[in-house]
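J.: here is a sequence with its predicted model. Questions after.
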Amino acid sequence: MSVATARTPRVPRLTGWLGAAISTDHKRMGLTLGVCSLFFFLLGGVFALLMRAQLAQSNMHLVSDNSFNELFSMHGSTMIYLFVTPMAIALALYLVPLQIGALRLSAPRLCLAGLWTWLCGGLVMQQGWFASGGAGRDGWSSIAPLSNGTNTPGVGQDLWVIGVMLAAAGMILMAGCVVATVARRRAPGMSLLRMPVFTWTALVSVLMVVASFPMLVLVMILLYIDRHGGNVFTGFTGAIDYQDLFWFFGHPVVYVMFFPYLGAAAEAVAVSAHKRWFGYTAFVASIMTFAALSMAVWSHHMYVTGGVTNQYFAFTSTALLVPAGIEYFDMIGTLIGGSIVLRTSMLFALTFFLQFLIGGLTGIFVASPVLDYHVYGTYFVVAHFHYTLFAGSIFGFFAGVYHWFPKITGALLRERLGKLQLLVMVIGTNMTFFPMFFLGNDGMPRRVSRYPAHPGWGTLNEIETIGAGIIALGVLLFLINVFVSLRRRVPAGDDPWLGHTLEWATTSPPPPLNFEAPLPPIRSYAPLLDLREDDPARAGAT
Amino acid sequence: MTPGLVSTRSEYDHLFSIYVPIAIGVFALIVVVVLVTVLIFRRRPPERAARWHEHNPIEGTYAVLLGCTAAFLLYLTFTAEHRVDTVANQEPAAVVVDVLASKWEWTFTYPAYHFSVRSGTVGRQPLVVPAGEAVRFNLGSLDVIHSFWIPALRYKHDAIPGSTQVITLTFARGVFPGQCAEFCGLRHADMIFTAHAVSPSAFTAWARSRGTAPTP
C-alpha cells in the first residue's frame, strides 16, 4: 500500500513565522495553537502567583480588592479558555491525523480560521487589563446578574465577553475539523474500534466541544445584549437561566479538559509498559458513557440555588464514578504483566493517575448535595478542581509532552531534568492544593481577597503560597529543558520508545503529508506492537 | 438541642464519616497496587511483556461493583438530603428571620418584633437566634446573587434577587461566624456576620429590648 506516495503533493513548505501563521498543515496548526496556549499558561500562572502572594497572610494589602478580583477572574478564564481546553485541541490536531494514518486534516482552512479566531479572542480578553475599571472581574463563569451592566460596568468586562465568545467560536471550528478528519480520513483498515486510545479520548473531547461550546457562544451573545440594556437575565428565572445555560457548556468543558490528557497518559503508560492498553473495548465504552453523562451533570454547580432538581444531578454526577473507575482498572491492568520502564513520560503519567484520583474522589464527595451545601463556593472546591485540572490534566499534558516531543521535534528531552521537574512539581502541587481542602472545610470561601486571622489559616495559606512558587520553579525547569534539548539536540530517531501507534511509523518530525513510507497493516489499536509481536526478533530493536 | 430536629451539621458529619474513609481507602488501595505492580514488573525485557489485554468477566464484575458503590452513596445522600431540604422545613419554627442580602451587607429582620440588625461593610451587629429550636430564614437579595453561609452549621443557601427562599436551621448554643459564599463583587470579602445562638429566654429578652413585644 502506498497511499502516501501515490499522489504527488504540491504543498509549499512554509517555514518560520509565516508558516506558523498561515500553514494549513495540521501539525503546524497544532504546534502554533500549542505554543500560544503555553504562552497563556505562563500568563495565567503569573496571575496565580500574584493571588497567592496577596493571600500569603491574613488581611494583606498587596493588591487592591478590585485587582484581586481581576486576577482570579483572569486566572481562571486564561487557564480554561486559553490554555487547558485549546491545548487539548492542539494535541488532537497534531496527533489524531497521524494516529489514524491520515495524510492531512479535513477542512484545514476552516481550522486555520478557527485558530485565528481563538487567538483574537484570547488577545481581546487580555486587553481588558488596559481598560478603565479593569479586566474581566466576575470570575470565569461571570454569572448574572453580577455580570450585567449595572453591577459590573466597564469595557474590560465587555472585552471579556467578546473574548470568550471568539475563543469558543474558534475552538468549535478547530474541533469540527478533527471530527471530520476522524470520520472521513482514516487509513484503510483503521476501523473505529482500531483507533488508538488517545484518538478515542480526543474524539470524545472534540465531539463535546462541538456539542456544548455553541451554548457558550450563545450565552456570551445574550450576556452582551444584557449588559447593553437588553435585560435578558432578569429576576430569579433570569439568574437561574444564565447558570443553566452557562453550566451546560461549563461542565462538559471540564471533561474536554480531561480526556485528551487521560489519553496522553494512557499512551505513555501502555508504551512504557511495552503492553497494549488493557480493556480497550470497555475503555471506549466507558469514555463514551463518561461523555454522555457529563453532558447531564451541569446543575451540580447549582445545588445551593434552590432552582434545580438536586437529586437528578446528584444521580448523574455520582454515576460518573463507574466509567472513571473503569479507567483506573484499565491502567492497572496495563501495568500488570508489562515490562515497565520508568522514564519521565511514564512517571508523569502515573502521577497524573494518582493525583487525579484525589480530584476524582473529592468529586464524588461534592456530587452529594448535602456535602456540597457546606463546601460549595469554598477552598474545598478550589482544591478539588485543581487536583483534577492541575495535578491531573497538566501532569497528563507533561506526560504527553515527554512522550511526543521527540516525534514533534526529532530531539529527545533531557530525562534527568524531566525527572527533577516532576519531583519539584509534585512537591509544589501538593503543597499548594492539599491544604485547601482543610481551609475550605474549615470555612474559608473562595474568591476573597482577604481573610480574617483565623487560627491555622495563616500557616496553611503560607504553605500554599510557597508551594505555588515551587510549581513555578518546576515550570521553569521544563522551559529550560525544552531550550537545552532544542539547542543541543539528542536525535530521537523515528521510534525511540517502541511506540504502538502509527505516528511512530513515520519520521520525526513527520513530513508535510505525514507518511512517506507505506503504512504498516492495521489490524488493531496498536499496529506497531502487532508487528513486533509477529516478529519477536524486532521486539528489542530501537 | 430538642431531639428530632434536623441538624444540618450532624447530617453533614454523618455523610462525611462514610464518604471520606471510603475515599481514603480507595486512594490507599490504588496507590499501593500501582506501586507494587511497578516494582514487580520493572525492567523485564520487552519481549516478556504479557500479550493478554482483555478480560470481560472481570471487567464486568468490577463495573457492577462500582455501580453498587454509587447506589450505596446515593442512598445515603438522598436520605440526608430529604431530611435537610424537606423534613426541616416542615418543623414549626420558633422564630422567623427575613434575611436581605445586598452589596455588601446583610439585613436581618425579625418580623415578629419589628426591627432589623445589619452586618457587613456597614457595621457588625450580630444575628441573634434561639438555640435548640427551629429557626426559619426567608432569604432574599436586593441586587446580585449572594449566599448565606454559616460554616459551623455546614450549610449554605443562595439569596437570589427576585425570589424568597425558605430554609430552616437549628443552632447549638454558641457564637458562629457567617459570610457570603457567592462572589458578589468588589467587597465580597467584607460581607460577614456573626450568629449568636443563645437560650430561648435570653433570645426573647434580647428581642423585646430591641423591638416591640410580639403580639400574644
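T.: Everything's here; your move.
J.: is any part of the helix or strand of chain B with the lowest mean pLDDT close to chain A?
T.: The helix or strand of chain B with the poorest confidence is strand B:123-124; it has a mean of 89 (mean pLDDT, DSSP states H and E). No. Strand B:123-124 does not reach chain A (Cβ under 8 Å from any Cβ of the partner chain); its nearest approach is 11.8 Å. C-betas here are computed from N, CA, C, even on glycine.
J.: given that strand, what are its sheet partners and their directions?
T.: strand B:115-120 (antiparallel) (DSSP bridges).
J.: buried residues in the partner strand?
T.: Buried residues in strand B:115-120, counted by 16 or more other Cβ atoms under 10 Å in any protein chain shown: B:116-120.
J.: buried residues in the very next helix or strand once past the least confident helix or strand of chain B?
T.: Heading C-terminal from strand B:123-124, the first helix or strand you meet, by DSSP states H and E, is strand B:127-130. Across strand B:127-130, burial judged by 16+ other Cβ under 10 Å covers B:127-130.
J.: what sits closest to the most centrally placed residue in chain B if chain neighbours are left out?
T.: Centroid-nearest residue in chain B, with Cα atoms, centre = their mean: B:Y155, separated by 2.3 Å. What sits nearest to B:Y155 in space, not counting adjacent residues and going by Cβ to Cβ, 6 or more residues apart in numbering or on different chains, is B:T8, at 4.0 Å.
J.: per-residue confidence at the one you found?
T.: At B:T8, the model reports a pLDDT of 95.
J.: just A:R538 next, same as before
T.: 60.
J.: in which helix or strand does the residue lying closest to A:P108 once chain neighbours are set aside reside?
T.: Closest residue in space to A:P108, ignoring its immediate chain neighbours: A:T24 at 3.7 Å, by Cβ to Cβ, 6+ apart. Per DSSP H and E, A:T24 falls between elements, in no helix or strand.
J.: same check, this time on the one 3 residues further on
T.: Element membership of A:K27 [criterion: DSSP H and E] is helix A:26-54.
J.: please see if that helix touches chain B.
T.: No. Shown here: helix A:26-54 not in contact with chain B (Cβ under 8 Å from any Cβ), separated by at least 11.0 Å.
J.: grab the nearest non-local neighbour of the closest residue to chain B within the stretch 51-200 of chain A.
T.: Taking Cβ to the nearest Cβ, chain B has its nearest neighbour within the stretch 51-200 of chain A at A:L146, 4.2 Å off. Take A:L146 and drop its neighbours on the chain: the residue closest to it by Cβ to Cβ, 6+ apart is B:V144, 4.2 Å away.
J.: just give the number of residues close to the one you found.
T.: A count of nearby residues for B:V144, using other Cβ atoms under 10 Å in any protein chain shown, gives 28.
J.: B:M191 versus that one, what's the distance?
T.: 11 Å (Cβ to Cβ, to the nearest Å).
J.: swap in A:S485?
T.: Taking Cβ to Cβ, one finds A:S485 at 50 Å from B:M191.
J.: more crowded one of these two?
T.: Just comparing A:S485 and B:M191: by other Cβ under 10 Å the higher neighbour count belongs to B:M191, 26 against 20.
J.: for that one, what are its contacts?
T.: With contacts defined as Cβ atoms under 8 Å, 6 or more residues apart in numbering or on different chains, B:M191 is in contact with B:101, B:103-106, B:120-121, B:146, B:179-180, B:184.
J.: widest-spaced pair of those?
T.: Put simply, by Cβ to Cβ the two of those set farthest apart are B:K103 and B:Q179, 14.0 Å from each other.
J.: re earlier: give me the neighbour count for the residue nearest to B:Y155.
T.: Using other Cβ under 10 Å, B:T8 is surrounded by 25 other residues.
J.: isn't it up against A:L371?
T.: No. Counting by Cβ atoms under 8 Å, B:T8 does not reach A:L371; the two are 11.2 Å apart.
J.: so which elements touch the helix or strand A:T318 falls within?
T.: Per DSSP H and E: A:T318 is located in helix A:310-319. Counting contacts by 3 or more Cβ pairs under 8 Å, 6 or more residues apart in numbering or on different chains; DSSP states H and E, helix A:310-319 packs against helix A:369-375, helix B:56-82.
J.: next, format those helices as TSV and append mean neighbour count.
T.: Formatted as TSV, the helices and strands packed on helix A:310-319 follow (neighbours: other Cβ atoms under 10 Å in any protein chain shown):
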stretch	mean neighbour count
helix A:369-375	26
helix B:56-82	15
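J.: I'd like these as JSON lines, with distance to A:A526 appended.
T.: Converted to JSON lines, the helices and strands packed on helix A:310-319 look like this (distance: least, Cβ to Cβ, whole Å):
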{"stretch": "helix A:369-375", "distance to A:A526": "41"}
{"stretch": "helix B:56-82", "distance to A:A526": "18"}
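J.: in JSON lines: those, plus mean pLDDT.
T.: Output for those, formatted as JSON lines (pLDDT from 0 to 100):
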{"stretch": "helix A:369-375", "mean pLDDT": "97"}
{"stretch": "helix B:56-82", "mean pLDDT": "96"}
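J.: and the strands in the stretch 151-300 of chain A?
T.: Ranges of strands within the stretch 151-300 of chain A: none, based on DSSP state E, counting those that start in this stretch.
J.: can you map out the strands along chain B?
T.: All strands of chain B, identified by DSSP state E, fall at B:95-102, B:105-110, B:115-120, B:123-124, B:127-130, B:134-141, B:146-150, B:155-159, B:165-170, B:174-180, B:192-198.
J.: show me the contact partners of the last one.
T.: Read it as strand B:192-198. Counting by Cβ under 8 Å, 6+ apart, A:452, B:106, B:108, B:119-120, B:124, B:126-131, B:150, B:171-180, B:206 sit against strand B:192-198.
J.: circling back to that earlier point, which one of B:K103 and B:Q179 has more residues nearby?
T.: Ranked by neighbour count (other Cβ under 10 Å), B:K103 and B:Q179 place B:Q179 first, with 27 against 20.
J.: the more buried one reaches B:W149, doesn't it?
T.: Yes. Between B:Q179 and B:W149 there is a contact at 5.9 Å, judged by Cβ under 8 Å.
J.: quick check: longest helix of chain B.
T.: helix B:8-40 (DSSP state H).
J.: what's the angle from it to strand B:165-170?
T.: 90 degrees (axes from the mean of the first three to the mean of the last three Cα atoms, to 10 degrees).
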